[in-house]
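*Asks:* Okay, structure incoming, though there's no sequence with it:
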């Protein structure tokens with residue numbers, strides 16, 4: 001089945017903005033910022049807060065929206081079950097309010113802080129652009 005799905009990607013930086021919190025995805029053995037798809041009836045704020053808690057164990061506050069991403073090159077995903085999803089994703093910068101950095105769901109195998117100038121080799125390819133866009137302080141539509 002092919003479908004279009006709205007979602008969010010969440011950039012959570014250390015206070016000095018030198019590190020970013022990433023999680024190791026269970027579906028691809030790749031690191032990425034937390035995020036995911038909206039559930040029916042869920043607001044963007046609810047989506048962001050739910051995904052941050054589920055994937056990295058944090059309660060967060062939303063600071064700003066920094067981008068909207070929908071490029072078919074980077075945001076069409078083929079899943080093991082045969083489904084194909086074209087995501088239209090909002091990039092959101094957030095800050096930690098409380099919690100402990102750990103996975104609260106099966107979506108994340110590991111949660112770790114990385115220096116923004118030393119990201120893991122197995123980072124999802126679209127994440128470099130997302131992280132750089134967020135750090136730039138501007139707004140991107142891609």
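*Replies:* Here it is on my side, so go on. All figures in this text were calculated on a predicted structure; none of them were measured in a lab.

*Asks:* For the rest of this, base every contact and every neighbour count on C-alpha atoms.
*Replies:* Fine.

*Asks:* List the contacts of the top helix by length along the chain.
*Replies:* Using DSSP state H to assign secondary structure, the helix with the most residues in the chain is helix 44-56. Residues outside helix 44-56 that contact it (CA atoms under 8 Å, 6 or more residues apart in numbering) are 7-10, 22-23, 34-39, 58-62, 92, 100-105, 107-108, 111.

*Asks:* Identify each buried residue in that helix, please.
*Replies:* 44, 47-56 (16 or more other CA atoms under 10 Å).

*Asks:* same deal with stretch 15-23?
*Replies:* When neighbours are counted by 16+ other CA under 10 Å, the buried residues of stretch 15-23 are found to be 19-23.

*Asks:* now stretch 110-117
*Replies:* Burial within stretch 110-117, assessed by neighbour count using 16+ other CA under 10 Å, is assigned to 110-111, 113-114, 116.

*Asks:* which stretches of this protein form strands?
*Replies:* Taking DSSP state E, the strands of the chain run over residues 2-12, 19-25, 31-32, 35-37, 58-69, 76-78, 84-99, 108-115, 140-141.
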